[in-house]
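Asks: Predicted model follows, preceded by the sequence.
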Protein chains: 2
Amino acid sequence: MKHRDIWRGLDALAAHHGLTASGLARRAGLDPTAFNPSKREGADGRPRWPSTESLARVLESVGSRFEDFAALVDGRRGAIAPLIGFAQAGQDGFFDDAGFPVGGGWEEVRFPGLETESVYALEISGDSMEPAYRAGDRIIVSPGSEVKPGDRVVAKTIDGEVMAKVLARKNTRTVDLASLNPAYPTRSFKPPEIVWLARILWASQ
Amino acid sequence: MKHRDIWRGLDALAAHHGLTASGLARRAGLDPTAFNPSKREGADGRPRWPSTESLARVLESVGSRFEDFAALVDGRRGAIAPLIGFAQAGQDGFFDDAGFPVGGGWEEVRFPGLETESVYALEISGDSMEPAYRAGDRIIVSPGSEVKPGDRVVAKTIDGEVMAKVLARKNTRTVDLASLNPAYPTRSFKPPEIVWLARILWASQ
DNA sequence: TTGACAATAGGTGAATATTCCTATTAAGCG
DNA sequence: CGCTTAATAGGAATATTCACCTATTGTCAA
């Protein structure tokens, strides 16, 4: 945690609430100039740090927790993962071409950022992945991770279908997605039919 | 985040590294008396806050991240979960009577504290819970949670055996633990034979 | 354009944290 | 016990942040 990280975190916190650093200070009952760029280092270039008490008042004023601010300071992502239902996930407008969630308005589920990966949560419906995933379970999905055969993945087809499967085979001619539930057959796709594959990192139990 | 939370977090950080508040200050190159209880409020009872710069130096000295400290301040647990192998888990001295891990020296796995639960991680060996858990998967276990039939649980028997199972039945006369892998039979225990049951919250995929 | 307001720079005094000092108490050790 | 060290309390001097002040610039809307 360095001097510049603190100020970057403070700016990010302000931006997260639609405020400027100045507006954030005003809202916290502090002097509006307290977070001025000119106040972030002394005349001799010595770094200036906001006091812990000022940080506490800022966090109080916007209703954020200390840990959320710290996540901003550390520059980590994924402390909060957006939660999406499979029914919604099939609709357009929820993911970009790379499989990352876009837009807002989702419920948020507190999830532990692993490293710096960008993740989101999906709520399971259906029984094709029983017994590993039961309806209502939540899975944490990383659209940025590499997938290899054997991984549990979320796939989106060009038809808009979103499903959690086991990646059985993947080559230039075919992408095979297996269900754990033997009542469901393995489905075979041609690569162009799969819009994206995202690896499942965690599953609630 | 309140005044007492900051100081509690600082004490917890020190304790986490086997130090006192005084020792932590010394290690950070600060005055050893800087964190004295007598310096935590002024003569008039006005609260005193450690400066952000002092916090930064403290975190630097012990190699902790700001977010870890914030988790301590917020009173949340589980940002870091100790990782234990099943082979070790069966030995004595790794858990207390309530099923909480004790002692130290484990590898630590970064895990996202959900709520305020105390959690730890176990690495799966064996195939009795295939296909849900494969050897090498990591499960996040909460010894403090209530367990009910249908939950995936970790159980420890009086024989010292530690296993991940599905809780099939639990009443005053019997505790039935089922495997997901049909090749393994359901095992039935009498309640006194089970030392503790801990619910599995998450599983890596 | 003009007016109101936000954001910002720069400076000063007040408020407050830290260091440095001394003294006391407690804990470990030969 | 006697010795050393850590932890702590209390106080004074120093260092730094904050609130307050003034002035400038930019934005937005009437």
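Replies: Alright, I've got the coordinates. Numbers count the residues shown, from 1 in each chain, chains lettered A, B, ... in the order given.

Asks: buried residues in the lengthiest helix in chain A?
Replies: The helix that spans the most residues within chain A, counting by DSSP state H, is helix A:3-16. For helix A:3-16, the neighbour count (16 or more other CB atoms under 10 Å in any protein chain shown) marks A:His3, A:Asp5, A:Ile6, A:Trp7, A:Gly9, A:Leu10, A:Asp11, A:Leu13, A:Ala14 as buried. C-betas here are computed from N, CA, C, even on glycine.

Asks: which residue packs closest to the fourth one, ignoring adjacent ones?
Replies: Once flanking residues are discounted, A:Trp7 sits nearest to A:Arg40: 5.5 Å by CB to CB, 6 or more residues apart in numbering or on different chains.

Asks: The one you found touches A:Pro47, doesn't it?
Replies: Yes: if you go by CB atoms under 8 Å, A:Arg40 and A:Pro47 touch, sitting 7.5 Å apart.

Asks: Compare the two (neighbour count), which wins?
Replies: Higher neighbour count among A:Arg40 and A:Pro47: A:Arg40, with 17 against 14, using other CB atoms under 10 Å in any protein chain shown.

Asks: show me the contacts for that one.
Replies: The neighbourhood of A:Arg40, defined by CB atoms under 8 Å, 6 or more residues apart in numbering or on different chains, consists of A:Trp7, A:Pro47, A:Arg48.

Asks: Same question for A:Leu13.
Replies: By CB under 8 Å, 6+ apart, the residues touching A:Leu13 are A:Leu24, A:Val58, A:Leu59, A:Val62, A:Ser64, A:Phe69, A:Leu72.

Asks: Going by distance to DNA strand D, which of the residues you listed wins?
Replies: A:Val58 (9.5 Å; CB to the nearest atom of the strand).

Asks: Report the secondary structure element holding the closest one.
Replies: Using DSSP states H and E, A:Val58 sits within helix A:52-62.

Asks: could you give me the average pLDDT of the helix or strand following that helix?
Replies: Going down the chain from helix A:52-62, the next helix or strand is helix A:66-74, by DSSP H and E. Per-region confidence: helix A:66-74 scores 83 on mean pLDDT.

Asks: packing partners for helix A:66-74?
Replies: With contacts taken as 3 or more CB pairs under 8 Å, 6 or more residues apart in numbering or on different chains; DSSP states H and E, helix A:66-74 sits against helix A:3-16, helix A:52-62, helix B:66-73.

Asks: Serialize those helices to a markdown table and add fields for distance to B:Val153.
Replies: Converted to a markdown table, the helices and strands packed on helix A:66-74 look like this (distance: least, CB to CB, whole Å):
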| stretch | distance to B:Val153 |
| --- | --- |
| helix A:3-16 | 39 |
| helix A:52-62 | 37 |
| helix B:66-73 | 26 |
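
Asks: Check these for me: which has the lowest mean pLDDT.
Replies: Of all the helices and strands packed on helix A:66-74, helix B:66-73 has the smallest average pLDDT, which comes to a mean of 82.

Asks: Check whether that one comes near DNA strand C.
Replies: No: on the criterion CB under 7 Å from any atom of the strand, helix B:66-73 is out of touch with DNA strand C, staying 14.2 Å away.

Asks: Distance from that helix to the middle of the chain?
Replies: Remark: helix B:66-73 is offset 15 Å from the chain centroid, using CA atoms, centre = their mean, to the nearest Å.

Asks: Pairing partners for A:Lys165 in the sheet, please.
Replies: Taking DSSP bridges as the rule, A:Lys165 bridges to A:Val153.

Asks: ok, it - contacts?
Replies: Taking CB under 8 Å, 6+ apart as the test, what A:Lys165 contacts is A:Ser128, A:Met129, A:Arg152, A:Val153, A:Val154, A:Ala155, A:Leu177, A:Ala178, A:Ser179, A:Arg187.

Asks: near DNA strand D at all, stretch A:30-50?
Replies: Yes: contact of stretch A:30-50 with DNA strand D (CB under 7 Å from any atom of the strand) involves A:Leu30, A:Asp31, A:Thr33, A:Ala34, A:Lys39, A:Gly42, A:Arg46, A:Pro47, A:Arg48, A:Trp49, A:Pro50.

Asks: And the buried ones among those, selectable in ChimeraX?
Replies: Selection of the buried residues among the residues of stretch A:30-50 next to DNA strand D in ChimeraX, burial being defined by 16+ other CB under 10 Å:
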select /A:30,34,49,50
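
Asks: Max pairwise distance over the residues of stretch A:30-50 next to DNA strand D: which two?
Replies: Pairwise distances across the residues of stretch A:30-50 next to DNA strand D (CB to CB) peak at 21.1 Å, for the pair A:Leu30 and A:Arg46.

Asks: mind checking which of the helices and strands packed on helix A:66-74 is nearest A:Tyr133?
Replies: helix B:66-73 (28.6 Å).

Asks: where does chain A have its least confident helix or strand?
Replies: strand A:107-110 (a mean of 47; mean pLDDT, DSSP states H and E).

Asks: quick one: pLDDT of A:Trp202?
Replies: Here, the pLDDT recorded for A:Trp202 equals 74.

Asks: for A:Phe95, same thing?
Replies: pLDDT recorded at A:Phe95 is 55.

Asks: Can you tell me the SS state at A:Pro192?
Replies: Secondary structure state of A:Pro192, per DSSP: H, G, I helix; E, B strand; the rest coil, is helix.

Asks: tell me the contacts of it?
Replies: With CB under 8 Å, 6+ apart, A:Pro192 has these contacts: A:Ile158.

Asks: mind giving me the domain ranges of chain A?
Replies: By the assignment in automatic domain parsing, chain A contains the domains A:3-74, A:81-203.

Asks: And the strands in chain A?
Replies: For chain A, strands defined by DSSP state E occupy the ranges A:80-85, A:107-110, A:120-123, A:138-142, A:152-157, A:162-170, A:175-178, A:187-189, A:194-204.
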